[in-house]
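> here is a sequence together with a model predicted from it:
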Amino acid sequence: MRADDLRVALLDRLNESFIDVKKVRRLARATSEKVMIGGVVYMFIHKTKFHDYLQLLNDAQLELELVSKDVESNKSLFVDAKEVIKRLDMMEEYLNRLVDEYENSSVKTVNDPVDCFPVASFPRLSDLLGPYKVSEFRKEFVHTYYANLESVRRAFSRMTAKGG
């Protein structure tokens, strides 16, 4: 029973991180200033929201790092722990590259729209907020999340079938 409690807690943390990232994606896309330049729509995020969004992504990245370490410490509870860890690390690394881009940026706010950061100046953020079907976000974060859900669910059913 303790093993299932730990799996549920890890699953809850994984779900929360995934939901937080998806929330940032949706909010940033919805609340950004959109400007048409030469037939292309560019997004600009107000600096206060920008920092808030990146802090949420940072928090999710740190949580996924910890979840990966917790799975590593409890490998026996999973059918394919190495794969779960590999996918968690992929999700964490995707977010880590976003956070690194944020930390190391020298991009200044623009005057029009006022006090906004141009999303196009942040390639990783552009990927997160851009078209879903062609994004690294889809492949490196969303697909790996769903694969991990399946792995954790298999661990529940495997342990239930074994009586443990």
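Right, received. Where do you want to start?
> centroid-nearest residue for the protein?
Centroid-nearest residue in the chain, with C-alpha atoms, centre = their mean: residue 21, separated by 4.6 Å.
> wait, what's in contact with it?
56-57, 60, 95, 128, 141 (C-beta atoms under 8 Å, 6 or more residues apart in numbering). For the C-beta atoms, the positions are set from N, CA and C on the backbone; glycine is no exception.
> what about 6 Å?
Contact partners of residue 21, counting by C-beta atoms under 6 Å, 6 or more residues apart in numbering, are residue 60.
> neighbours of residue 14, how many?
Applying other C-beta atoms under 10 Å, we find 23 residues neighbouring residue 14.
> low-confidence stretches in the chain?
The chain contains residues with pLDDT under 70 at 1, 157-164.
> tell me where this structure has strands.
33-37, 40-46, 116-118 (DSSP state E).
> out of those, flag the one nearest residue 9.
Minimum separation from residue 9 across the strands of the chain (C-beta to C-beta) falls at strand 40-46, 33.3 Å.
> buried stuff in the closest one?
42-46 (16 or more other C-beta atoms under 10 Å).
> now the longest helix anywhere in the chain: buried residues?
Using DSSP state H, we find that the single longest helix of the chain is helix 2-31. By neighbour count with 16+ other C-beta under 10 Å, helix 2-31 contains the buried residues 7, 10-11, 14, 17-18, 20-21, 24-25, 28.
> number of residues surrounding the residue nearest to residue 151 when sequence neighbours are not counted?
Nearest non-adjacent residue to residue 151, counting by C-beta to C-beta, 6 or more residues apart in numbering: residue 84, 4.9 Å away. Residue 84 has 26 neighbouring residues, counting by other C-beta under 10 Å.
> next, the contact list for residue 84, please.
Residue 84 is in contact with 71, 78, 148, 151, counting by C-beta under 6 Å, 6+ apart.
> could I get stretch 63-83 in CSV with only the CA atoms?
C-alpha atoms of stretch 63-83 as CSV (Å, rounded to 0.1, in the frame of the first residue of the first chain):
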residue,chain,number,x,y,z
GLU,A,63,9.7,19.9,-9.5
LEU,A,64,10.3,17.5,-12.5
GLU,A,65,14.0,17.4,-11.5
LEU,A,66,12.9,16.2,-8.0
VAL,A,67,10.4,13.7,-9.3
SER,A,68,13.1,12.2,-11.5
LYS,A,69,15.4,11.8,-8.4
ASP,A,70,12.5,10.3,-6.4
VAL,A,71,11.8,7.7,-9.2
GLU,A,72,15.6,7.0,-9.3
SER,A,73,15.5,6.3,-5.5
ASN,A,74,12.5,4.1,-5.9
LYS,A,75,13.2,2.2,-9.1
SER,A,76,11.7,-1.1,-7.9
LEU,A,77,8.3,0.5,-7.8
PHE,A,78,8.2,0.9,-11.6
VAL,A,79,8.1,-1.6,-14.5
ASP,A,80,10.4,0.6,-16.6
ALA,A,81,12.1,3.0,-14.2
LYS,A,82,15.0,3.8,-16.5
GLU,A,83,12.6,4.9,-19.3
